[in-house]
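Novice: model this:
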Amino acid sequence: MKSLGITLILLALFPAGAIVPLAATPPPESRKAAPTMDEANALFQAQQWDQAAADYEAIVGSEPGNGPAWLRLGNSRHSLKQYDKAIAAYEKAVALGAGLPGGRYNLACAYALNGDKEKAFAWLDKALAAGFRNVAQLRNDPDLASLRDDPRFEKAVALAGKASQPCKSDEVHGQLDFWVGEWEVTNPKGQKAGTNSIVKTLDGCLILENWTGTEGSIGKSMNYFDPVTKKWAQTWVDNSGDVIAYEGELRNGAMLLQGTHREKAGTTVRSRMSLTPQPNGHVRQVIEESRDGGKTWSVWFAGDYAPKK
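Specialist: Prediction:
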């Protein structure tokens, strides 16, 4: 009788021809969509590591080639002190080419925190080879505390320091150092032509010229070794509007540069310059120009640089 009663109730609720639902299914709009990178990144920025890690896990589950998601998953696990899981995620990110050189550095930190010095140093070497050069971070990062009593650590710091200031460690950037200084400049008749202050800046990557002529001319030039062309370059601009662009190299102890002189009137002429150190500590500068395509040359400027007293 109980079964018959239930049947009668169902018939009342669902007349003949009606479809009886087999189970309650929530409407599509009520289901949680898969997390996006933007959502996961927002959690990451808010340092909600558990939720961020869960979202990144979901993302890499559906997008196993998403290197940035693997890297952020490693960061999140790292912050949760889940070092084994962080290492696995970092290694996946690095294999996918993400986070250079940061992913390698993070692996060194995670292995150091996990008590594996050998792997920590191996990944630190890889980070340095990939361009890591933050000396302050190496010295102050608490993640690397367990490595600092090892002689290999100071070698790593030295390598990072060299990478952070390449122009100080590469001899080619010192080829024009003989011109650096404070100078009194005279013309071939021994008359004062002006003063020039040549300073080295940007950790040795740029030599800046500051010229003041006795007749009111003012000019500046930027001089640097171009790592792409493997040539020295100079760009000169003065207060008359003239612009000269040079390129050249050190040859037999003298810096020899060639280029074009663009005058304010709009004409362009060929120009060449030499800077030659002298035995008495002076520097000889000669600038020549050609208005016939290099067939003939005339001296535009000649000066003797003597150190200011």
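Novice: Look at the closest residue to Asn114 other than its chain neighbours and say how many residues are nearby.
Specialist: Distances taken as Cβ to Cβ, 6 or more residues apart in numbering place Tyr83 nearest to Asn114, at 4.4 Å, with adjacent residues excluded. Using the backbone N, CA and C atoms, a C-beta is placed for each residue, glycine as well. Residues within reach of Tyr83, counting by other Cβ atoms under 10 Å, total 21.
Novice: distance of Tyr83 from Ser298?
Specialist: Counting by Cβ to Cβ, to the nearest Å, the gap from Tyr83 to Ser298 is 72 Å.
Novice: repeat for Pro277
Specialist: To Ser298, Pro277 is 24 Å away according to Cβ to Cβ.
Novice: between these two, which one's more packed in?
Specialist: Pro277 (17 against 8).
Novice: Contact partners for that one?
Specialist: Contact partners of Pro277, counting by Cβ atoms under 8 Å, 6 or more residues apart in numbering, are 178, 253-254, 283.
Novice: Give the buried subset of those residues as a PyMOL selection command.
Specialist: Applying 16 or more other Cβ atoms under 10 Å to these leaves a buried subset, and the PyMOL line that selects it is:
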select buried, resi 178+254+283
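Novice: nearest to Ser240, of the contacts of Pro277?
Specialist: In terms of Cβ to Cβ, no member of these lies closer to Ser240 than Val283, at 23.8 Å.
Novice: bridging residues for the closest one?
Specialist: Going by DSSP bridges, Val283 is paired in beta bridges with Pro277, Tyr305.
Novice: wait, it sits on Trp183?
Specialist: Yes - between Val283 and Trp183 there is a contact at 7.3 Å, judged by Cβ atoms under 8 Å.
Novice: which neighbours do these two share?
Specialist: Any residue near both Val283 and Trp183 by Cβ under 8 Å, 6+ apart counts here, and that gives Tyr305.
Novice: Run through the strands of this structure in chain order.
Specialist: Using DSSP state E, the strands found in the chain span residues 181-186, 192-201, 206-213, 218-226, 231-238, 243-251, 254-262, 268-277, 283-290, 298-307.
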